[in-house]
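Chemist: Take this sequence and fold it.
(2 chains)
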Amino acid sequence: MASSTHTHEHHIVPTRTYVATFLGLVVLMVMTVAIAGVNLPAIGPLSGTVVNQLVALLIAVVKAMLVISIFMGVKWGSTLTKLWVASGFVTLIVLFGILGDYTTRQFEHQPGWEKQADGALPRVTPNEPEVPAADSNTLNVKIRQ
Amino acid sequence: MSAITDSMDHGHGHGHEPGLHHQYEDMVQQTESYIVGMWVFLTTEVMFFGALFFIYTLYRWNYQRDFYIAHEHLNVLMGAGNTTVLLFSSFTMVMAVQSAQLKKRMHVMGYLVVTLMCAFTFLIVKYFEYASKIADHLYPGAGFATDAKLAFGEHAMEGGKLVANMNHVQLFYGLYFGMTGLHAVHIIAGILVIIALIRLWYNKANSVIHDYVPTEMVGLYWHFVDLVWIFLFPLFYLMPKPH
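Modeler: As a prediction, the model looks like this:
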């Protein structure tokens, strides 16, 4: 290969980096299981349930970034690769933007599919009475025989 | 460079490497094309799973409390165990790729076999999880949760009825089987691809021994499967108690 003007540009990552990443991922996994068992307090307008969920998702995002950058080697990849990696997740964010539209709509749910008052992010609209938590079950509980 | 490869003139004015295909200028360009191509595919996969995650978010948003009750049937220990198995398989896969870069053929095959074993372990655990749901009639359909007390226990019952709307519980299990099932299909596809890759390495195929990138591409796919599970695990198994 002496005659080649080009070089094999692949980056060989040392084993200890991979071991450390794996151990980090396991620690984060144990952390997310441990935190799931604790009822975190509400922060501002966010209920404790939402805070719990956001923390769990935050840990998942950190884990995902470790996998993408180190295991998938995007950290050492070309700009074009990084652009493509970003494109998938940007599309995902745009997709989730539809939720913004969903929250501004007022529509009647089908019987048996009413939203729950203590949903993750309850919508409170002035004209729409909230379904009380205790009664929502008696409205339409069908246990099929 | 051997005389044989030198004699294969592709019209370029430079030397040839054994792993280089004739349509590429050099290995750097070829590697970039391979990796970008793989990421284009993975982007479509992100969109594919993304739509399902969106459906999940929408219904979880509306039926948080009933989803919480429904999720109590899932076994966190099995979920966490499977997460560890997949994370470990990602590690062995990345080690296989590193060994391919260093051209250590036996190491590549060893790491790939361990990855394969992890994939089977994941599916076996999944089998036991699915079996326990099916035994309690928690698969969506006409006979859904015929015995809710058996499935969810006394504490979730009130006046002989489950303290949750059965429609929502069934929706949860529809999402559970749909999303984890689709993920399991990806695991099975991964198993087939890894077996094919091991075969190529075993046969000392030119496509893998001269160029680490085909091994890297299987690795990228496998890490993606791990990535999906990283999100499925907290969303299905670790739902926070409404408080």
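
Chemist: Against residue A:64, how distant is residue B:129?
Modeler: From residue B:129 across to residue A:64, the span is 23 Å (CB to CB, to the nearest Å). Where you see a C-beta, it was placed from the backbone N, CA and C, and this is true even at glycine.

Chemist: Residue B:76 now?
Modeler: Distance of residue B:76 to residue A:64, computed by CB to CB: 20 Å.

Chemist: Check residue A:109 too.
Modeler: Taking CB to CB as the measure, residue A:109 falls 33 Å from residue A:64.

Chemist: same thing with residue A:94?
Modeler: According to CB to CB, residue A:94 and residue A:64 sit 18 Å apart.

Chemist: same check, this time on residue B:164
Modeler: Distance of residue B:164 to residue A:64, given as CB to CB: 31 Å.

Chemist: Compare residue A:109 and residue A:64 (neighbour count), which wins?
Modeler: Taking other CB atoms under 10 Å in any protein chain shown, residue A:109 and residue A:64 do not tie; residue A:64 has more neighbours (18 against 10).

Chemist: Leaving out the residues flanking it, which one is nearest to residue B:71?
Modeler: Closest residue to residue B:71 apart from its sequence neighbours, by CB to CB, 6 or more residues apart in numbering or on different chains: residue B:239 at 4.5 Å.

Chemist: Report the secondary structure state of the one you found.
Modeler: Secondary structure, DSSP: H, G, I helix; E, B strand; the rest coil: residue B:239 is coil.

Chemist: and it, what is it in contact with?
Modeler: Listed by CB atoms under 8 Å, 6 or more residues apart in numbering or on different chains, the contact set of residue B:239 reads A:36, A:53, B:67-68, B:71.

Chemist: Do you have the helices of chain B handy? List them.
Modeler: For chain B, applying DSSP state H gives helices covering B:3-7, B:27-62, B:64-71, B:76-101, B:105-135, B:148-152, B:166-202, B:206-209, B:213-237.

Chemist: Next, format those as CSV and append mean pLDDT and mean neighbour count.
Modeler: As requested, those are exported to CSV (pLDDT from 0 to 100; neighbours: other CB atoms under 10 Å in any protein chain shown):
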stretch, mean pLDDT, mean neighbour count
helix B:3-7, 46, 9
helix B:27-62, 93, 18
helix B:64-71, 89, 24
helix B:76-101, 96, 22
helix B:105-135, 96, 17
helix B:148-152, 73, 18
helix B:166-202, 96, 18
helix B:206-209, 91, 17
helix B:213-237, 96, 23
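
Chemist: can you tell which of these is closest to residue A:74?
Modeler: Residue A:74 sits nearest to helix B:27-62 of all these, at 8.4 Å, using CB to CB.

Chemist: ok now the closest one, how far from the chain's centre?
Modeler: Chain-centre distance of helix B:27-62: 12 Å, with CA atoms, centre = their mean, to the nearest Å.

Chemist: helices and strands around it, which ones?
Modeler: Packing partners of helix B:27-62 (3 or more CB pairs under 8 Å, 6 or more residues apart in numbering or on different chains; DSSP states H and E): helix A:79-96, helix A:98-104, helix B:166-202, helix B:213-237.

Chemist: Now with 10 Å, please.
Modeler: Packing partners of helix B:27-62 (3 or more CB pairs under 10 Å, 6 or more residues apart in numbering or on different chains; DSSP states H and E): helix A:79-96, helix A:98-104, helix B:64-71, helix B:166-202, helix B:213-237.

Chemist: Present those helices as JSON lines; the columns should include distance to residue B:117.
Modeler: Formatted as JSON lines, these follow (distance: least, CB to CB, whole Å):
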{"stretch": "helix A:79-96", "distance to residue B:117": "29"}
{"stretch": "helix A:98-104", "distance to residue B:117": "40"}
{"stretch": "helix B:64-71", "distance to residue B:117": "29"}
{"stretch": "helix B:166-202", "distance to residue B:117": "10"}
{"stretch": "helix B:213-237", "distance to residue B:117": "13"}
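
Chemist: what's the closest of those to residue A:58?
Modeler: For these, the distance to residue A:58 is smallest for helix B:213-237, at 9.9 Å, taking CB to CB.

Chemist: between the closest one and helix B:76-101, how big is the angle?
Modeler: Per axes from the mean of the first three to the mean of the last three CA atoms, to 10 degrees, the angle that helix B:213-237 makes with helix B:76-101 is 170 degrees.

Chemist: In three-state terms, label residue A:40 for me.
Modeler: The assignment at residue A:40 comes out as coil when based on three-state DSSP.

Chemist: Check it and give its pLDDT.
Modeler: Predicted confidence (pLDDT) at residue A:40: the value is 92.

Chemist: The one 10 residues further on too?
Modeler: In this prediction, residue A:50 carries a pLDDT score of 89.

Chemist: and the gap between it and residue A:57?
Modeler: Residue A:50 is 10 Å from residue A:57, where distance means CB to CB.

Chemist: Of these two, which one has the most company?
Modeler: Taking neighbours as other CB under 10 Å, residue A:50 and residue A:57 compare with residue A:50 leading, 18 against 14.

Chemist: Wondering if the strand or helix carrying the more buried one reaches chain B at all.
Modeler: Using DSSP states H and E, residue A:50 falls within helix A:48-66. Yes: residues of helix A:48-66 contacting chain B under CB under 10 Å from any CB of the partner chain: A:48-66.

Chemist: Tell me the helices and strands packed up against that helix.
Modeler: For helix A:48-66, where contacts count as 3+ CB pairs under 10 Å, 6+ apart, the packed elements are helix A:15-36, helix B:64-71, helix B:76-101, helix B:213-237.

Chemist: Alright, that wraps it up for me.
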